[in-house]
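I would like the atomic coordinates for the input below:
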Amino acid sequence: MHPIIHISDSIQLPTYLLIISLVYIVCTYALVKRVQHLNLNKNDGLDIALALMVGGLIGARLMHVFYESPAYYQGSPLEVFKVWKGGFVFYGGAIGSFASCLAVIKIKKLSYRQWADVFAPLAAIGYAFGRLGCFFNGCCFGRLCDLPWAVELPNFPGARHPTQIYAFLFEVCIFAALIYFDKTRDKKNTALHLWMRPKGQLFHFWLVFHSLNRLLMESFRADYRGAFIFNLSISTWISLIILLTAGHFLFHDGRRAKPSPTKKC
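Model prediction:
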């Protein structure tokens, strides 16, 4: 693990924040190219991306502060602003990003489903590389195991599941599927492609399989993630809610788009 990159004796960079910053820059560049390819308004895309960044940062930090470690920050309130020390919760960021992006979309009177599909592949690949940031930072680690690919952490004894790598690999597969459907859903007439054709389905597909990815990761994790509810972490509950909600839309919209079989006389 390499939580800090030592450039010199006086210059040090937090690996996690560096990776997250690079991911955002690369994804923003990819967004511009994607928007131009789809003949959408570039300024609309950048406005949504800015809202995503601000809302995500605030939401991720607030969920860490108020859910994971409220007692610590109550005693040291100024520590809330020391974001370079870490302390972010993905689902807090996801909720903050979704709320801020939805506000921009509503204000600009844009199509929510259309823009959700624009961002779906970027969300997948951004999350994937964000988990690599977690791996190098040494957070979000897994339970003890004796598998050949187990990893050891500097501050925690024993070999452990590399849960961050599991999440990274699963999400890369999701990204590949999203790119495939994005390029072919209007060009092929198979049942699966027809199912994915309505606007918003790409985003619903990502939500369903991302939730499954997160549920898998949560089942192997051993780090502190706040109080459990009925023996399940808050992230597990959120994943289940997203899975059921997005699964409903994925099934319902896909079924409506699929043509009814013709009856033979």
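
what's the helix or strand for the closest residue to Gln201 other than its chain neighbours?
In space, and not counting its chain neighbours, Gln201 is closest to Asp253: 5.9 Å by C-beta to C-beta, 6 or more residues apart in numbering. Quick note: C-beta positions are derived from backbone N, CA and C, even for glycine. In the assignment (DSSP states H and E), Asp253 maps to helix 234-257.

What lies in contact with that helix?
Under the contact criterion C-beta atoms under 8 Å, 6 or more residues apart in numbering, helix 234-257 has outside partners 67, 89-91, 194-198, 200-201, 204-205, 207-208, 210-212, 214-215, 218, 225-229.

What subset of the residues you listed is buried?
By neighbour count, with 16 or more other C-beta atoms under 10 Å, the contacts of helix 234-257 hold 89-91, 195-198, 200-201, 204-205, 207-208, 210-211, 214-215, 218, 225-226 as buried.

ok, the closest residue to Cys145 other than its chain neighbours - contacts?
Closest residue to Cys145 apart from its sequence neighbours, by C-beta to C-beta, 6+ apart: His161 at 5.2 Å. The contact partners of His161, by C-beta under 8 Å, 6+ apart, come to Phe141, Gly142, Arg143, Cys145, Leu147, Ala150, Phe220.

can you pull out the strands in the stretch 101-250 of the chain?
151-153, 156-160 (DSSP state E, counting those that start in this stretch).

who are the neighbours of the first one, in terms of helices and strands?
Contact analysis of strand 151-153 by 3 or more C-beta pairs under 8 Å, 6 or more residues apart in numbering; DSSP states H and E lists strand 156-160 as its packing neighbours.

residues making contact with the strand it packs on?
Contacts of strand 156-160 (C-beta under 8 Å, 6+ apart): Phe141, Gly142, Arg143, Leu144, Cys145, Asp146, Leu147, Ala150, Val151, Glu152, Leu153, Ala222.

go again using 6 Å as the cut-off
Phe141, Gly142, Leu144, Ala150, Glu152 (C-beta atoms under 6 Å, 6 or more residues apart in numbering).

Whichever of the residues you listed end up buried, select them in PyMOL.
Those of the contacts of strand 156-160 that count as buried under 16+ other C-beta under 10 Å are selected in PyMOL with:
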select buried, resi 141+142
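
Ile20 and Val26: what is the separation?
With distances taken as C-beta to C-beta, to the nearest Å, Ile20 is found 11 Å from Val26.

out of these two, which sits in the busier spot?
Ile20 (22 against 14; other C-beta atoms under 10 Å).

Could you check how far that one is from Lys42?
23 Å.

and what of Met196?
26 Å.

do Arg255 as well
In this view, Arg255 and Lys42 are 35 Å apart by C-beta to C-beta.

thinking again about what came up before, let me have the strands of the stretch 101-250 of the chain in CSV, extended by distance to Gly59 and mean pLDDT.
Listed next are the strands of the stretch 101-250 of the chain as CSV, based on distance: least, C-beta to C-beta, whole Å; pLDDT from 0 to 100:
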stretch, distance to Gly59, mean pLDDT
strand 151-153, 27, 90
strand 156-160, 28, 89
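
Could I get those strands in TSV, plus columns for distance to Phe129?
Below are the strands of the stretch 101-250 of the chain laid out as TSV (distance: least, C-beta to C-beta, whole Å):
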stretch	distance to Phe129
strand 151-153	18
strand 156-160	21
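
closest one to Phe168 among these?
Closest to Phe168 of the strands of the stretch 101-250 of the chain is strand 151-153 (C-beta to C-beta; 13.0 Å).
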